[in-house]
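Peer 1: Give me a model of this one.
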Amino acid sequence: MEQIIGRKSEQERLTKCFESQRAEFVVVCGRRRIGKTFLVRQFFNNKFTFEFVGGHKKPFQEQLLGFSLALKQHGWNGAVTSVKNWYEAFRGLRELIENRPHNERKVIFIDEMPWIDTFRSSFVTALEDFWNGWAAHREDVMMVACGSATSWMTDKILHNRGGLHNRITEYIYLAPFNLNETEQYLNGYLHCNWNKEAIAQCYMVMGGVPYYLSKVVPSLGVEQNIDRLMFSRDGSLRHEFDELFHALFNNADYYIAVVTALAQKRMGMTRKEIAEKTKIEGGTLSRVLINLERNDFIMGFAQYLLPQKKVIYRLTDFYTLFYLKFVDNERSGDEQKWTHMIGSGTVNAWRGHSFELLSLLHINQIKQSLSIGGMLTSVSCWRSNSTGEQIDLLIDRVDNIINVCEMKFTNLPFEITKRYAEHLQERMAHFAQERKCRKSLILTMVTNAGVANNSYRHLVQSEVTLDDLFLPYRKF
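Peer 2: You can find the predicted model right below:
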């Protein structure tokens, strides 16, 4: 059995459900390629009473036939030809379970459930009838339902208003790996033996998506792997973008329009700005933003002391950002383009932007490093109403202190010049004045290479390093 990297909390929750003395309906969600199927299969060691995987874009009859054949494969005695609809299919599943020994836990694993629910198939109502009318009353049944289309899983299963209402006993959402888990995967599992900066740069291209990381060749450096995966003609991640969005979302063009708009705005955009740029409005835009955030493509950051409608959305999916910046419409044919671009202003600017996002996605580690992990805090940003100045990360603490975080990615320790020092002080003063903030402001530098020791170093009251971003996640 292959090793499961991280996912400790998820495994603990699966264990609790497996060992309980009641029926359990577990929903496992997460974006495509995040490792949902791997987690479930490895946890149960591929030992299921019944397992079925929905087929992408397969019609009703093919889905039903596949389900019926899976029933036969797992020991059902009925005739495949007798299964004409989903009610009969679940009746067959019931018969299969009833014929199993009474003293064993019956684990049902249905993967890619959204793909099974074809137009007018009645799959969901038949599932409701099966679970609510029979399985929920047994003590030996555990169903695990997986799906990449998180919006479908949320609307049709988690928020179901029919027979599954309040029947879901456990919801597990798989987020991308953090830096610590990525290090475990690349160095502990793949044996890359990369330093933290190399791992961070890999992360800033692929994010913490296990499938993408699995494509890394340990004998090659980071730049060579990026060239091979992103810029070579047959690079396995070069053509992932369209497949990714079309597999996850109906009306994928709306979602692509929004992430494309956000990719062009380093400082992020409000809902109003997104609507003006994309011409997507109303309920459609609301649904697109909710689904993108559910699938870890974007994050909404509250503006300090401003209402919810002023939230600033930022594209936080590293693969999408890198693809739209460097790969989309790439026609040079240079299969070593990334290696040839290293050191350019374009790449340095991208690294600075990506390191900001890396920091924003590791706020828990930043708080741990500052010894405020157990303190009540709120996270926000600030954009000036008058000048457009912005502070990307404010950590507002219950002890009347705000950490004003500056994120910098440099080849050498970051040097605070006289001009930058004046800029920092003016901006912090402007923030305090505009938002009428009377709390103490602590300048916190988050850097990959540290802060140079010069005459302006004293302005930095706390510091977070790249090593700190690799801290394991801790619950307080």
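Peer 1: got any ranges where the stretch 201-350 of the chain has weak pLDDT?
Peer 2: Judged by pLDDT under 70, the stretch 201-350 of the chain has no weakly predicted residues.
Peer 1: ok, which stretches of it are helices?
Peer 2: 210-214, 222-226, 240-248, 252-263, 271-278, 282-294, 318-322, 337-341, 345-360 (DSSP state H, counting those that start in this stretch).
Peer 1: list the contacts for the most centrally placed residue in the chain?
Peer 2: In the chain, the centroid-proximal residue (C-alpha atoms, centre = their mean) is residue 296; its distance is 3.7 Å. Neighbouring residues of residue 296 by C-beta atoms under 8 Å, 6 or more residues apart in numbering: 31, 175, 176, 316, 317. For every residue, glycine as well, the C-beta is placed using N, CA and C.
Peer 1: of the residues you listed, buried ones?
Peer 2: Using 16 or more other C-beta atoms under 10 Å as the burial test, these include 31, 176, 316, 317 as buried.
Peer 1: thinking again about what came up before, and of the contacts of residue 296, the nearest to residue 252?
Peer 2: Each of these was scored against residue 252 by C-beta to C-beta, and residue 31 proved nearest at 13.5 Å.
Peer 1: that older thread, farthest-apart pair in the buried ones among the contacts of residue 296, please.
Peer 2: Farthest pair in the buried ones among the contacts of residue 296, by C-beta to C-beta: 31 and 316, 12.2 Å.
Peer 1: so who does residue 120 touch?
Peer 2: Contacts of residue 120 by C-beta under 8 Å, 6+ apart are residue 60.
Peer 1: Three-state assignment for it, please.
Peer 2: Using DSSP: H, G, I helix; E, B strand; the rest coil, the structure places residue 120 in coil.
Peer 1: centre of the chain versus stretch 148-168, how much separation?
Peer 2: Remark: stretch 148-168 is offset 20 Å from the chain centroid, using C-alpha atoms, centre = their mean, to the nearest Å.
Peer 1: And that stretch, what's buried?
Peer 2: Buried residues in stretch 148-168 (16+ other C-beta under 10 Å): 148-154, 156-157, 160, 163-164, 167-168.
Peer 1: cool, stretch 221-236 as well?
Peer 2: 222, 223, 225, 226, 227, 228, 229, 230, 231, 235.
Peer 1: now swap in stretch 74-87 and tell me
Peer 2: Buried residues in stretch 74-87 (16+ other C-beta under 10 Å): 74, 76, 78, 83, 86, 87.
Peer 1: Need the residues you listed in TSV (columns: distance to residue 185 and secondary structure).
Peer 2: Converted to TSV, these look like this (distance: C-beta to C-beta, whole Å; DSSP: H, G, I helix; E, B strand; the rest coil):
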residue	distance to residue 185	secondary structure
74	32	coil
76	38	coil
78	43	coil
83	41	coil
86	38	helix
87	43	helix
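Peer 1: Next, format the residues you listed as a markdown table and append pLDDT and distance to residue 186.
Peer 2: As requested, the buried residues of stretch 74-87 are arranged in a markdown table below (pLDDT from 0 to 100; distance: C-beta to C-beta, whole Å):
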| residue | pLDDT | distance to residue 186 |
| --- | --- | --- |
| 74 | 97 | 37 |
| 76 | 97 | 43 |
| 78 | 94 | 47 |
| 83 | 95 | 45 |
| 86 | 97 | 43 |
| 87 | 97 | 47 |
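Peer 1: out of these, who's nearest residue 60?
Peer 2: Within the buried residues of stretch 74-87, the smallest distance to residue 60 is 8.8 Å, found for residue 86 (C-beta to C-beta).
Peer 1: is it true that that closest one touches residue 122?
Peer 2: Yes. Assessed by C-beta atoms under 8 Å, residue 86 is found in contact with residue 122 at 5.5 Å.
Peer 1: can you pull the contacts of residue 58?
Peer 2: With the criterion set at C-beta under 8 Å, 6+ apart, residue 58 makes contact with 66, 115, 118.
Peer 1: Now the buried members of the residues you listed.
Peer 2: Among the contacts of residue 58, those scoring as buried are 66, 115, 118 (criterion: 16+ other C-beta under 10 Å).
Peer 1: From those residues, pick the one nearest residue 327.
Peer 2: residue 115 (27.3 Å).
Peer 1: so what does the helix or strand where the closest one lies touch, helix or strand wise?
Peer 2: Counting by DSSP states H and E, the element that carries residue 115 is helix 113-116. On a contact count with 3 or more C-beta pairs under 8 Å, 6 or more residues apart in numbering; DSSP states H and E, helix 113-116 meets helix 60-73, strand 141-147.
Peer 1: Out of these, which one sits most buried?
Peer 2: A comparison of these by mean neighbour count, using mean count of other C-beta atoms under 10 Å, puts strand 141-147 on top with a mean of 24.
Peer 1: Give the pairing partners of that strand; include direction for each.
Peer 2: strand 24-29 (parallel), strand 106-111 (parallel) (DSSP bridges).
Peer 1: who touches the first one?
Peer 2: Strand 24-29 has contacts (C-beta under 8 Å, 6+ apart) with 14, 17-18, 36, 39-40, 131, 136, 141-147, 150, 153-154, 157-158, 164, 167-174.
Peer 1: which residues are contacting stretch 265-283?
Peer 2: Here stretch 265-283 has contacts from 254, 257-258, 261-262, 285, 288-289, 301, 309-314, 353, 381, 383, 390, 392, using C-beta under 8 Å, 6+ apart.
Peer 1: What remains of these if I keep only buried residues?
Peer 2: 254, 257-258, 261-262, 285, 288-289, 301, 311-314, 353, 381, 383, 390, 392.
Peer 1: Residue 11: neighbour count?
Peer 2: 15 (other C-beta atoms under 10 Å).
Peer 1: Not counting residues beside it along the chain, what's closest to it?
Peer 2: residue 43 (6.1 Å; C-beta to C-beta, 6 or more residues apart in numbering).
Peer 1: check contacts around the one you found.
Peer 2: When contacts are counted by C-beta under 8 Å, 6+ apart, residue 43 touches 4, 11, 14.
Peer 1: How far away from the center of its chain is stretch 452-468?
Peer 2: With C-alpha atoms, centre = their mean, you get 30 Å for stretch 452-468.
Peer 1: what about that stretch, start to end distance?
Peer 2: 18 Å (C-alpha to C-alpha, to the nearest Å).
Peer 1: buried set for it?
Peer 2: The neighbour-count check on stretch 452-468 (16+ other C-beta under 10 Å) flags 456, 460, 462, 463, 464, 465, 466, 468 as buried.
Peer 1: what's the answer for stretch 331-340, then?
Peer 2: Those would be 337, 338, for stretch 331-340 by 16+ other C-beta under 10 Å.
Peer 1: Endpoints of it, how far apart?
Peer 2: Chord length of stretch 331-340, first to last residue, is 15 Å (C-alpha to C-alpha).
Peer 1: likewise stretch 109-120?
Peer 2: Its first and final residues considered, stretch 109-120 spans 23 Å by C-alpha to C-alpha.
Peer 1: Mind listing the shared neighbours of residue 31 and residue 316?
Peer 2: 296, 297.
Peer 1: still on that earlier bit, need the buried residues of stretch 148-168 in CSV (columns: secondary structure).
Peer 2: Shown next, in CSV, are the buried residues of stretch 148-168 (three-state DSSP):
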residue, secondary structure
148, coil
149, coil
150, helix
151, helix
152, helix
153, helix
154, helix
156, helix
157, helix
160, coil
163, coil
164, coil
167, coil
168, coil
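Peer 1: wait, what's in contact with residue 407?
Peer 2: So residue 407 contacts 355, 356, 359, 360, 392, 393, 446, 447 (C-beta under 8 Å, 6+ apart).
Peer 1: Much appreciated, bye for now.
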